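Student: coordinates only, sequence not included:
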């Protein structure tokens with residue numbers, strides 16, 4: 001009996017296998033396709049159909065929407081944080097504004113003297129003040145050195161306020177010798193240039209490094225006293241007392257600009273000797289009308305010597321009250337003297353000035369450009385007489401003098417801005433010498 005599958009498989013006596021029957025393989029494959037067509041032709045699970053592609057696109061849109069919402073939220077948070085920073089910065093600025101104040105004052109001066117070329121001059125100074133604490137305050141006055149000078153600090157000090165009668169000050173101090181040196185601001189003055197005694201005798205503007213004490217003492221209801229005393233480096237031996245040429249020469253015997261004690265200022269450099277100078281000023285004010293001041297100075301001025309410079313000054317101011325015809329007048333006067341021990345050029349310096357001012361305002365000018373839009377404009381008429389003398393062997397006569405008469409008029413539309421016009425009549429060998437001259441200036445402070 002024949003086996004059913006004997007046709008598809010044969011073996012030889014040697015045990016070898018015959019070639020496959022391709023017809024049998026084809027029949028088996030066809031049978032499998034008929035039984036399981038879905039298994040062979042179904043799409044793989046990771047290959048979505050058309051409807052699955054649309055679902056994926058919607059998912060991408062949703063993701064983009066979520067990203068945009070997150071971005072908007074982060075942007076809102078960033079704006080809120082920025083607003084907090086700006087608020088903090090504004091608060092800090094307000095706090096700084098409460099504690100620190102910045103201002104400045106300036107002056108531009110035009111000069112026209114008979115023996116010199118016309119010239120513009122001026123000064124520009126920065127003012128910074130503030131409070132570290134209710135009882136600790138700072139003040140800085142910085143000369144910007146314009147024109148043609150180096151920038152320097154005229155004042156840069158800190159105050160420790162203890163009591164009304166006693167307070168401490170340290171730093172770059174304005175030397176309390178005479179009233180003019182303490183009240184030297186151009187916008188507050190009624191003339192463009194200092195009087196001769198404030199240039200040739202007292203070396204204004206005079207500042208120095210040191211420490212001091214000051215206070216206010218109410219003696220009675222109508223009498224008040226103040227004091228200001230300092231220990232500073234002091235003057236040096238760099239003063240000048242040489243004549244430029246001789247009388248009749250092109251310089252006319254006029255001395256150098258640094259004549260007197262101006263070049264003896266330290267310019268805030270270290271002391272040239274081991275001694276410290278003591279300087280001070282005290283004032284009495286009566287009935288808010290009369291003020292008198294007394295100043296003194298003593299200090300060694302060169303190395304290897306105990307010779308001192310000794311100075312004294314007296315100043316007075318009278319502002320009449322309760323008399324209508326006199327209330328607009330102010331009378332000021334100052335006298336100063338220095339003795340230079342151990343020196344003959346110079347051996348002594350002294351001088352004084354008297355100044356009378358009268359403030360007025362014609363009412364008919366209220367409707368003009370000078371008065372319109374200003375609350376309290378004023379004119380000031382000024383007259384000044386000054387005299388200074390330096391005793392020195394550098395002069396054939398043993399002394400050099402300066403005598404000056406000044407008349408001026410200034411206009412203030414507001415108190416912190418002034419236009420000045422004046423004419424000087426000068427005699428002598430000091431300062432402008434014998435030449436007369438015209439000056440005008442504009443000064444302001446804020």
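Tutor: Noted; the coordinates are in hand. On a predicted model such as this, the values are computed, not experimentally measured, just so you know.

Student: specify the beta-bridge partners of residue 173.
Tutor: Following DSSP bridges, residue 173 is listed with bridge partners residue 208.

Student: surely it is in contact with residue 233?
Tutor: No. Taking contacts as Cβ atoms under 8 Å, residue 173 lies outside contact range of residue 233: 10.4 Å. C-beta here means a position set from N, CA and C on the backbone, and glycine is covered the same way.

Student: shared neighbours, those two?
Tutor: By Cβ atoms under 8 Å, 6 or more residues apart in numbering, residue 173 and residue 233 have these common neighbours: 208, 209, 210.

Student: and which of those is nearest to residue 271?
Tutor: Nearest to residue 271 out of the shared contacts of residue 173 and residue 233 is residue 209 (Cβ to Cβ; 8.6 Å).

Student: that closest one reaches residue 231, doesn't it?
Tutor: No. Contact between residue 209 and residue 231 fails when scored by Cβ under 8 Å: they sit 10.1 Å apart.

Student: circling back: the more surrounded of residue 173 and residue 233?
Tutor: Using other Cβ atoms under 10 Å, the more surrounded residue of residue 173 and residue 233 is residue 173, with 23 against 20.

Student: which ones are touching that one?
Tutor: So residue 173 contacts 155, 157, 207, 208, 209, 210, 212, 230, 232 (Cβ under 8 Å, 6+ apart).

Student: name the element the residue nearest the centre of the chain belongs to?
Tutor: When Cα atoms, centre = their mean is applied to the chain, the residue found nearest the centroid is residue 126 (3.4 Å). For residue 126, the host element (DSSP states H and E) is strand 119-133.

Student: can you pull out the residues in contact with that strand?
Tutor: 99-111, 137-144, 146-147, 154, 158, 186.

Student: show me where this structure dips below the pLDDT cut-off.
Tutor: 1-55, 89-98, 240-258, 431-434 (pLDDT under 70).

Student: and if we set it to 80?
Tutor: Low-confidence segments of the chain (pLDDT under 80): 1-55, 57-58, 61, 83-99, 115-116, 147-149, 240-259, 431-434.

Student: what is the neighbour count of residue 82?
Tutor: Residue 82 has 10 nearby residues by other Cβ under 10 Å.

Student: residue 134 now?
Tutor: 7.

Student: just the element for residue 60, please.
Tutor: helix 50-99.

Student: what packs against the helix or strand following that helix?
Tutor: Per DSSP H and E, helix 50-99 leads on to strand 100-113 as the next helix or strand towards the C-terminus. With contacts defined as 3 or more Cβ pairs under 8 Å, 6 or more residues apart in numbering; DSSP states H and E, strand 100-113 has these neighbours: strand 119-133, strand 437-445.

Student: from the chain's centre, how far out does strand 100-113 sit?
Tutor: Relative to its parent chain, strand 100-113 has a centroid offset of 13 Å by Cα atoms, centre = their mean, to the nearest Å.

Student: contacts for that strand, please.
Tutor: Taking Cβ under 8 Å, 6+ apart as the rule, strand 100-113 contacts 118-130, 185-187, 192-193, 432, 435-446.

Student: swap in stretch 348-363?
Tutor: 190-191, 195-198, 200-201, 260-261, 328-340, 371, 377-391, 402.

Student: buried ones among those?
Tutor: Among the contacts of stretch 348-363, those classed as buried by 16 or more other Cβ atoms under 10 Å are 190-191, 195-198, 200-201, 260-261, 328, 330, 332-340, 371, 377-378, 380-391, 402.

Student: so what's the gap between stretch 402-414 and the chain middle?
Tutor: 28 Å.

Student: how about it: buried residues?
Tutor: Buried-residue list, stretch 402-414, by 16+ other Cβ under 10 Å: 402, 403, 404, 406, 408, 410, 412, 413.

Student: closest to residue 221 out of those residues?
Tutor: residue 412 (32.5 Å).

Student: distance check, the closest one against residue 379.
Tutor: From residue 412 across to residue 379, the span is 8 Å (Cβ to Cβ, to the nearest Å).

Student: and what of residue 267?
Tutor: 38 Å.

Student: pull the number of nearby residues for the residue nearest to residue 184 when sequence neighbours are not counted.
Tutor: Once flanking residues are discounted, residue 184 sits nearest to residue 205: 5.3 Å by Cβ to Cβ, 6 or more residues apart in numbering. Residues near residue 205, counting by other Cβ under 10 Å, number 23.

Student: does residue 205 touch residue 153 like I think?
Tutor: No. In this structure, residue 205 is not within contact of residue 153 by Cβ under 8 Å, at 11.3 Å.

Student: the stretch 151-300 of the chain: helices as residue ranges?
Tutor: Along the stretch 151-300 of the chain, counting by DSSP state H, counting those that start in this stretch, helices occupy 179-182, 196.

Student: would you reformat these as CSV and include distance to residue 419?
Tutor: Shown next, in CSV, are those (distance: least, Cβ to Cβ, whole Å):
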stretch, distance to residue 419
helix 179-182, 22
helix 196, 24
